[in-house]
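Undergrad: below are the sequence and a predicted model; questions follow.
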Amino acid sequence: MSRFRTTLYALIRCAAIWCAPIAVASLAFPAYAAEHVTLKNGFDLFCDHRATVSGKVRLYMDAAGSSFLEVDASDIVATEPVDWPKPVASEDASATPGPIAVPEKLTDADLQPLLSKAGMAYNLDADLLASVVRQESNGHAHAVSRAGAQGLMQLMPGTASDLGVSNTFAPGDNIQGGTAYLDSLLRRYNDSLPLALAAYNAGPAAVDRWHGIPPYRETRAYVARVIHEYNRRYALRHPAALRSSVAH
């Protein structure tokens with residue numbers, strides 16, 4: 001079983017603990033109103049919006065309403081509005097600041113076998129890797145940032161060389177290298193996904209210096225967006241497991 005393939009709630013709780021400060025810290029980023037919801041079973045989650053349907057409250061995980069958690073109104077013990085970082089639109093060239101060398105975009109179907117192969121090699125969930133790719137390059141194999149990070153998972157040349165990746169613009173090689181790097185960060189931080197993602201964005205030195213997620217707007221927004229996207233993907237693939245978790 002892949003690491004992090006537990007339940008959506010473990011990840012949502014993780015997002016609530018680490019990303020709640022983003023309401024203040026990321027005001028420089030485009031944002032929209034969402035809600036931080038606490039349930040009586042102790043779970044915390046962020047929802048895009050909610051609605052009452054047939055006497056039940058639906059907590060929607062995305063703006064389109066394609067996935068939701070249905071609970072009784074009495075299950076909700078607290079709500080708090082938050083300014084959630086706006087998801088990267090699918091037509092955006094890249095979430096990473098900087099020019100795109102060649103606008104060559106891979107579809108989810110193109111990426112799936114590459115992500116699954118890398119995930120199996122490092123025991124990581126392909127949905128997690130897909131969430132990182134979406135935030136890093138939005139599927140553009142030739143994405144290049146101003147800092148020089150390259151490819152689908154935005155590897156710096158030095159990091160790519162250390163990982164044995166000779167061609168950062170080759171999708172399979174880039175994903176294998178990025179997955180290996182993420183795996184090394186997860187091991188370094190005892191499988192703490194927020195810390196590993198923060199280190200992937202800002203570097204391990206920054207995480208070690210601040211003993212946690214650095215107080216950088218970009219890094220905090222990055223961690224929030226990746227975890228939110230991972231939660232969304234999990235909810236779409238496992239709606240029954242999601243609702244069963246709340247029922248119990």
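TA: Received the coordinates, thanks. Numbering: from 1, shown residues only.
Undergrad: which SS state does Glu35 fall under?
TA: strand (DSSP: H, G, I helix; E, B strand; the rest coil).
Undergrad: hmm, it is touching Tyr60, no?
TA: No. Contact criterion CB atoms under 8 Å: Glu35 and Tyr60 do not qualify, at 10.0 Å. Quick note: C-beta positions are derived from backbone N, CA and C, even for glycine.
Undergrad: intersection of neighbour lists for those two?
TA: Counting by CB atoms under 8 Å, 6 or more residues apart in numbering, the shared contacts of Glu35 and Tyr60 are Cys47, His49, Arg50.
Undergrad: which residues touch the spatially closest residue to the first one that is not a sequence neighbour?
TA: Residue nearest to Cys47 in three dimensions, not counting chain neighbours: Leu59, with 4.0 Å by CB to CB, 6 or more residues apart in numbering. Listed by CB under 8 Å, 6+ apart, the contact set of Leu59 reads Glu35, Val37, Leu45, Cys47, Arg50, Phe68, Leu69, Glu70, Val71.
Undergrad: scan the shared contacts of Glu35 and Tyr60 and report the most crowded one.
TA: Neighbour counts for the shared contacts of Glu35 and Tyr60, by other CB atoms under 10 Å, peak at Cys47, which reaches 20 neighbours.
Undergrad: how about the strands of the chain, start to end?
TA: 31-39, 44-47, 49-53, 56-60, 68-71, 76-85, 100-105, 140-143 (DSSP state E).
Undergrad: what are the bridge partners for the nearest residue to Ala73 once chain neighbours are set aside, then?
TA: Setting aside the residues directly before and after it, Ala73 is nearest to Val57 in space (CB to CB, 6+ apart), at 5.3 Å. For Val57, the beta-bridge assignment (DSSP bridges) gives partners Thr52, Val71.
Undergrad: so Ala202 touches Pro214, yeah?
TA: Yes. Checked against CB under 8 Å, the pair Ala202 and Pro214 is within contact range at 5.2 Å.
Undergrad: count the neighbours of the closest residue to Gln154 other than its chain neighbours for me.
TA: Of all residues not flanking Gln154 in the chain, Glu136 sits nearest, at 4.2 Å (CB to CB, 6+ apart). When neighbours are counted by other CB under 10 Å, Glu136 registers 27.
Undergrad: isn't Glu136 right up against Met153?
TA: Yes. Taking contacts as CB under 8 Å, Glu136 lies within contact range of Met153: 5.4 Å.
Undergrad: pull the longest helix from the protein.
TA: helix 217-237 (DSSP state H).
Undergrad: so what does it touch, helix or strand wise?
TA: The contact analysis (3 or more CB pairs under 8 Å, 6 or more residues apart in numbering; DSSP states H and E) places helix 217-237 against helix 8-19, helix 22-25, strand 44-47, strand 76-85, helix 126-136, helix 193-202.
Undergrad: ok, so what distance separates the residue nearest to Arg50 when sequence neighbours are not counted from His142?
TA: Nearest residue to Arg50, sequence neighbours excluded (CB to CB, 6+ apart): Leu59, at 5.0 Å. Using CB to CB, to the nearest Å, Leu59 is found at 38 Å from His142.
Undergrad: closest one to Gly172 out of the shared contacts of Glu35 and Tyr60, please.
TA: Cys47 (35.7 Å; CB to CB).
Undergrad: for the chain, what helix or strand is lowest in average pLDDT?
TA: Lowest mean confidence among the helices and strands of the chain (mean pLDDT, DSSP states H and E): helix 22-25, at a mean of 34.
Undergrad: so where's the protein uncertain?
TA: Residues of the chain meeting the criterion pLDDT under 70: 1, 3-34, 36, 41-46, 61-62, 66-67, 82-104, 238-248.
Undergrad: mind redoing it with 50?
TA: Along the chain, the model assigns pLDDT under 50 to residues 5-32, 85, 87-103.
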